[in-house]
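Undergrad: what follows is a predicted structure for the sequence shown.
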Amino acid sequence: MNRYPFWKYLLVALTLVVGLVYALPSLYEPAPAVEVSGTRYAEVTDKTPGEIRSALTDAGIPFGELEILPKNKLRIRLEHAGDQLKTKHLLQQKLGEDYVIALNLVPQTPEWLASLGGSPVNLGLDLRGGVHFLIEVDVDAAVAARLEQNKTEFRSTLREEKIRPRGVKVSGKNSLLIRFRDQDTLDQAEEFMANRFPSFTFNQSKVEGLFELRALLSDQARKEIQDYALQQNLSTLKNRVNELGVAEPLVQRQGANRIVVQMPGVQDAGQAQDIIGKTATLEFRMTDWKNDLNSALNGRVPAESKVYKWRDGRPVLLQKRVMLTGDRVIDAKSTSDENGLPAVSITLDSRGGRLFSRATRDNIGKPMAVVYQEHKIFNRLAEDGTITRIPKKIEEVISVATIRSQLGSRFQITGLDSPQEAHELALFLRAGALSAPIYIVETRTVGPSLGQENIDRGLKSVALGLAMVLLFMLVYYRFFGLVANVALVINLVMVVALLSLSGATLTLPGIAGIVLTVGMAVDANVLIFERIREELRDGKSPAQAIEQGYAGAFSTIIDANVTTLLVAIVLFAIGFGPIKGFAITLALGIMTSMFTAIVVSRAMVNLIYGGRSPKTLSI
């Protein structure tokens, strides 16, 4: 009675050793560091460490080891976390914009632990510091943009089939309206369009003598456009955050039309918001040299042209047809032209290169304009105190130059105001344009000191809760309370080990989940010990009381913990951010507490009382 087979003791011992090994790395506090990454335009060479040492020494910033990493990177370990931002700005000025400077934390895990795959628990934004953005994507704008594209496509497709519509326009949020002169042309167009555009439903009508064909976008097609816009924006934002040089960023979808962006280590929320929130791109259009600008300014604008303005307000008449957009840009680099003025060198993909080469070949000797486009959001305060977000599309001509020869996939644009603007435009073009406007609905900044304060307070709460539980169990249950306390400490070690192994991120709500686990972990032992006391009062022998206590409380423990585990799973499935962090630690704590309370504590009791016939129990 009250004996485990040898393999069970071996399993418990092996589990404890594995848990201890993978929990140990979290005891080693990571060192603050700055990583320098080269690009295709700048490499980390053997001279780079010397330049960095000289710059840091002159600035009086204490630093440790400089190590060259694979993939054209170099890491500088610092002595104080407060020197990270200062070091980043210093190195950016010293090395130039072609290098990416990122803040990071370097694990101090011993080599023998690292060789076994041990790593410290990942800390969330609220514990490390950084900025958090909750971004809403205007998916309706993506649908509107697609309808504008379809409008042009409808017109050109019908003309190719020798069908002449009187006009095509967007009507409402989900439909296009095509007008014809007679019923025969309407019938011919409907039959052709229904086969050519299956994502639309076509209906005929007659209004004021005009024959109309309404093309209604299907719900499925609308949803696909919205999902595609959200995914494209998600990918673009990831590229932009990576271009900023943020170590371990988080960019993920939240719900139907929102994206969460977390950038640990970034403290300048204004700069980060300016970078990720812009929707800048370029369009290349030919100027309308055939028509008179003054006539257009007086209201007689040609149907195929549009009046744009330079940044200083001067008007210019351009063709509506777009030769090339920024979507075809695969690389962009801020540079200077032959006069030393800021410029951007652009590389197109293969299709973009072919299109641009053909377009410029056919227009040699004619002027071409570069139009800078950006979507901005302006807030308007109403009388009732509510704030209305008003999107505005800004279009500015930044360059008009005569095409001297046929251009290919590599060329340069000029006309930019400053090197900083050239650098940002190059970043946007490399990362890609956003498919739909975005609104930043929430911004939170957590400083490094506040993050450390959160860690300190969280650890204090765990320590205080643990001490109170340990004291209560020891006083109330005496020796068996000591057994429960050992099991509780082992439980915490296993939770930390599982967080490390799973790669989960520990947040402040996650620490709250651990504190809750401390209280719940002894609940199973309380059930077992009270059942043992009850058996002793019924006249059972100590050995029988132990056996019946563990066996009788087992079903109750399973029921209580499984129901709580189901709640944790639901919280993880439908929750976001902090709720997920709480659910993860709670679920892990429940599973480990069941193992330690039922298996580990029983193993310790069996080792002490197994094979003996004690007359009394210290409980």
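TA: Perfect, I can see it now.
Undergrad: which residues of the stretch 101-250 of the chain fall in helices?
TA: 111-115, 125-128, 139-160, 183-196, 219-243 (DSSP state H, counting those that start in this stretch).
Undergrad: note down every partner strand of the helix or strand that the last one is followed by and its orientation.
TA: Heading C-terminal from helix 219-243, the first helix or strand you meet, by DSSP states H and E, is strand 250-254. Sheet neighbours of strand 250-254, with direction, are listed as strand 258-264 (antiparallel) (DSSP bridges).
Undergrad: ok, back up a step: relative to residue 585, which of the helices of the stretch 101-250 of the chain is closest?
TA: Closest approach to residue 585 among the helices of the stretch 101-250 of the chain is made by helix 125-128 (12.9 Å; CB to CB). Quick note: C-beta positions are derived from backbone N, CA and C, even for glycine.
Undergrad: buried residues in the closest one?
TA: 125, 126, 127, 128 (16 or more other CB atoms under 10 Å).
Undergrad: ok, back up a step: so can I have a markdown table of the helices of the stretch 101-250 of the chain showing mean pLDDT and distance to residue 330?
TA: Below are those laid out as a markdown table (pLDDT from 0 to 100; distance: least, CB to CB, whole Å):
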| stretch | mean pLDDT | distance to residue 330 |
| --- | --- | --- |
| helix 111-115 | 84 | 37 |
| helix 125-128 | 74 | 32 |
| helix 139-160 | 83 | 22 |
| helix 183-196 | 86 | 31 |
| helix 219-243 | 82 | 12 |
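Undergrad: tally of neighbours for residue 263?
TA: If you count neighbours by other CB atoms under 10 Å, residue 263 ends up with 23.
Undergrad: does it touch residue 241 like I think?
TA: Yes. Judged on CB atoms under 8 Å, residue 263 makes contact with residue 241 at a distance of 6.3 Å.
Undergrad: break this structure down into its structural domains.
TA: With automatic domain parsing as the criterion, the domains of the chain are listed as 6-25+447-609, 31-106, 140-221, 223-445.
Undergrad: of the ones you listed, flag the one that's most buried.
TA: For the domains of the chain, the largest average neighbour count (mean count of other CB atoms under 10 Å) is found in domain 6-25+447-609, namely a mean of 18.
Undergrad: pLDDT of it, averaged?
TA: Mean per-residue pLDDT for domain 6-25+447-609: 85.
Undergrad: how far does it sit from its chain's centre?
TA: Its chain's average C-alpha position is 33 Å from that of domain 6-25+447-609, according to CA atoms, centre = their mean, to the nearest Å.
Undergrad: got any ranges where the stretch 1-150 of the chain has weak pLDDT?
TA: Within the stretch 1-150 of the chain, the ranges that satisfy pLDDT under 70 run 1-2, 39-42, 71, 97-98.
Undergrad: 50 instead, please
TA: In the predicted model of the stretch 1-150 of the chain, no residue satisfies pLDDT under 50.
Undergrad: so where do the strands sit in it?
TA: In the stretch 1-150 of the chain, the strands defined using DSSP state E, counting those that start in this stretch lie at 31-37, 63-69, 73-78, 100-106, 122-123, 130-137.
Undergrad: to residue 595, which of the ones you listed lies closest?
TA: Nearest of the strands of the stretch 1-150 of the chain (CB to CB): strand 122-123, 23.5 Å.
Undergrad: counting by contacts, list what that closest one packs against.
TA: helix 448-502, strand 505-506 (3 or more CB pairs under 8 Å, 6 or more residues apart in numbering; DSSP states H and E).
Undergrad: next structured bit after the shortest one?
TA: Per DSSP H and E, strand 505-506 leads on to helix 508-537 as the next helix or strand towards the C-terminus.
Undergrad: quick one, whichever helix or strand comes after that following helix and helix 448-502 angle?
TA: Proceeding N to C from helix 508-537, the next assigned helix or strand is helix 542-574, under DSSP H and E. Helix 542-574 and helix 448-502 meet at an angle of 110 degrees, taking axes from the mean of the first three to the mean of the last three CA atoms, to 10 degrees as the criterion.
Undergrad: that's all I had, so thanks and see you.
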